[in-house]
Structures are given as C-alpha cells and as structure tokens.
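*Asks:* Coordinates for the following, if possible.
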Amino acid sequence: MGKARILIVEDDVDISNMLRIYFTGHGYEVEVALGGNEALEKTRQGLPHLIVLDIMLPGIDGYEVCRILRTQTRTSHIPVIFLTQRDERSDKLQGLELGADDYITKPFDIDELKLRVQNAIARAERESLTDPRSGMPSGRLIEEQLRKIIRQSDWDFMDIRVENFELFKETYGFVAGDDVLRFTGMLIGEIVDQFGGPDDFIGHPGGDSFIVITSQPAGPQIRTALSRQFSEQVITHYNFLDREQGFLTAAARDGTAIKAPFMQLSIGSVTPQNHPFADIREITELAAEARRLRRSTGP
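*Replies:* Numbering: from 1, shown residues only. Next up, the predicted model:
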C-alpha cells in the first residue's frame, strides 16, 4: 500500500511542526491545519486515513470539527484522535460521544501517540471500513450505503473502473499505480463536490474500482465531467515518450511488445427508475453490467 495520510490539526506551530517531522520520518504522508475551518477544507480535498485533532482551536473548536466530520457522509468513517491539554473526564466523554476514536492529553508520549495512530488505521482497515491505499470507504461502509438507498427512490449508483490500469501498473510499478488510484479518488471527490450534494457517497471497493452514489439529477453531469477530466489529466502520470507517441508500450504475456491505450474511465449506472431492486447485490451487478456494456459499445 502507499503511505498512510495523516492530518494534524493543531494551532501550536511548534507542536504541529514536531508532529509533522516525526510522522513523516516514520513513513506517513502528513498535512497540517492550524484551525478548524482549514481542517474541514483539507479533509474534503483529500481524505486522510486519520486525523489528530486538537480541541482548543481558533474559530470552531475540535469538538465542532469532529461533529461536522461525523455528520457528513463522505467523512464520517475517518478515525479521529483528540489531542488536548484537558484531562477532565467530562471532556473525554464529550469527545467520545461525538465519535472520536481515541483521546490523548498533553504533555504526551509521542511513541504512544504513534502506536495509537497505527492501531486506529489498522483497525479501520481490518474492519473493512477503508481501503488501505486510498483511505476511502470500502467493504462494510459501502454495504451500509447500499442498504440505505435501496429503501429510497431518488438515487443514482455508479460503478467506475479505471481501464488499462493493470498494464500501467505492470509497466510503471505499484507506487505509480497507487498514485493513479489516489488521483482518481481525489478527482471523483472534486467532481462530486461540483455537481453533487453534501450527502453523496464515494467508495473504493478495491483495486481499480470506485463507486459513487448521488441524486438522479446530478448523475449525468458527474459522469460527463468525470470521464472528460480523467482523460485530460491522467496523461500526466505517463512519461514523456509515452505521451509523445500517444500510447503505452507494454509487454504481453509472451514477451512481445504491445501498444496499450492510455487509461480511461468506464462508468455504468443504475437508478430505481429503470429497475426495481429487491437486493443490494442486484444494484452492484446491474451497474457492473451497464459499465461493461458501455465499454463495449463506446460512449
């Protein structure tokens, strides 16, 4: 898997810099936010695997940040560890009631904090809450959303696949492949933010597959923008020679060279208007079938 991403939310610059240097040195990708509003914006832009959140912040405090994260569909799964000078039992209970995963007080043992971070991320992955590479909702969280929408009447479920991804990964390596998956997840988030609503859901079942659940009116706009912008931007992941020649030179199983097209997205979607659903498996199966049909017939 790629580096796990941590967001440090701490207005004390000395502490935030120390934590950034420490966790970067231990192989994490670290971002820092100095206030609550900045933390919410950075979380929305690129979902971290975990947030270390100070309670006493300028503007909105850590409690409010945690409450907002837990009430928004796309961020409700992210583990949160509160970091604060408060050591009152009532303060700890308030944080845990808001959905925090852990709590550590200042002054803290940084090695203990590292273990708590490791355990929280591992627990989320072990319980099939997040994909280890993207940090996006996976497994059980996707199933929960499917069970929720099957009782509703206004939704659009999209099955999204990065075509030609395996050839790219075999040629460029797994690190470059993980970069593409992260880029794809972030692009989907940007497009859904632009055309969808706050309760839209984005998931990463694994590998080169993603899913989006949005409203029916927003679905066509999201698909059109996502396909176009992915094709325009994904070429930056190829080297100069491949970009110049317009294709990827890859090795076939027999060792011969083949010309592989650049990666692109294939997207299939279903809505309750075009099919009555009695089981969540029908939703995913029919969306995958629609994606394969669309790929074989073209846009």
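
*Asks:* Retrieve the pLDDT associated with residue 252.
*Replies:* Residue 252 is assigned 69 on the pLDDT scale.

*Asks:* And the helices in the stretch 101-250 of the chain?
*Replies:* Remark: helices assigned in the stretch 101-250 of the chain by DSSP state H, counting those that start in this stretch are 110-126, 139-149, 165-172, 174-195, 219-233, 240-245.

*Asks:* Give me the nearest residue to residue 286, chain neighbours excluded.
*Replies:* Nearest non-adjacent residue to residue 286, counting by CB to CB, 6 or more residues apart in numbering: residue 270, 4.9 Å away. Heads up, the C-betas are built off the backbone N, CA and C, glycines and all.

*Asks:* State the phi and psi torsions of that neighbour.
*Replies:* Main-chain torsions, residue 270, degrees, to the nearest 10: phi -140, psi 150.

*Asks:* Would you enumerate the residues in contact with it?
*Replies:* By CB atoms under 8 Å, 6 or more residues apart in numbering, the contact list for residue 270 reads 156-157, 277, 283, 286-287, 290.

*Asks:* one step back: could the helices of the stretch 101-250 of the chain go into a markdown table alongside mean pLDDT, mean neighbour count and distance to residue 212?
*Replies:* Formatted as a markdown table, the helices of the stretch 101-250 of the chain follow (pLDDT from 0 to 100; neighbours: other CB atoms under 10 Å; distance: least, CB to CB, whole Å):
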| stretch | mean pLDDT | mean neighbour count | distance to residue 212 |
| --- | --- | --- | --- |
| helix 110-126 | 91 | 16 | 21 |
| helix 139-149 | 93 | 17 | 10 |
| helix 165-172 | 92 | 18 | 18 |
| helix 174-195 | 93 | 18 | 6 |
| helix 219-233 | 97 | 16 | 7 |
| helix 240-245 | 92 | 11 | 28 |
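
*Asks:* Let me know which of those helices is the nearest to residue 72.
*Replies:* Closest of those to residue 72 is helix 174-195, at 11.6 Å (criterion: CB to CB).

*Asks:* and the closest one with helix 165-172, angle?
*Replies:* Counting by axes from the mean of the first three to the mean of the last three CA atoms, to 10 degrees, helix 174-195 lies at 140 degrees to helix 165-172.

*Asks:* Which strands and helices lie in contact with helix 174-195?
*Replies:* helix 36-45, strand 156-163, helix 165-172, strand 201-206, strand 209-214, helix 219-233 (3 or more CB pairs under 8 Å, 6 or more residues apart in numbering; DSSP states H and E).

*Asks:* let's go with 7 Å and repeat that
*Replies:* Here helix 174-195 touches helix 165-172, strand 201-206, strand 209-214, helix 219-233, going by 3 or more CB pairs under 7 Å, 6 or more residues apart in numbering; DSSP states H and E.

*Asks:* For those, give me CSV that also has distance to residue 3.
*Replies:* Formatted as CSV, the helices and strands packed on helix 174-195 follow (distance: least, CB to CB, whole Å):
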stretch, distance to residue 3
helix 165-172, 17
strand 201-206, 16
strand 209-214, 20
helix 219-233, 21
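
*Asks:* Residue 17: which of these is closest?
*Replies:* strand 201-206 (31.2 Å).

*Asks:* which residues sit against the closest one?
*Replies:* Residues from elsewhere that reach strand 201-206, judged by CB atoms under 7 Å, 6 or more residues apart in numbering: 73-74, 131, 134, 136-138, 141-142, 145, 185, 188-189, 192, 210-213.

*Asks:* What angle do strand 156-163 and that strand make with each other?
*Replies:* Going by the same axes, to 10 degrees, strand 201-206 makes 40 degrees with strand 156-163.

*Asks:* neighbouring strands for strand 201-206, and are they parallel or not?
*Replies:* strand 209-214 (antiparallel) (DSSP bridges).

*Asks:* about what we covered before: relative to residue 151, which of the helices and strands packed on helix 174-195 is closest?
*Replies:* Ranking these by proximity to residue 151 (CB to CB) places strand 209-214 first, at 13.2 Å.

*Asks:* Now the closest one: average pLDDT?
*Replies:* When pLDDT is averaged along strand 209-214, the result is 97.

*Asks:* Can you give the contact residues for that strand?
*Replies:* Residues from elsewhere that reach strand 209-214 (CB under 7 Å, 6+ apart): 142, 145, 149, 155-161, 184-185, 188, 192, 196, 200-205, 222.

*Asks:* Brilliant, that's me finished.
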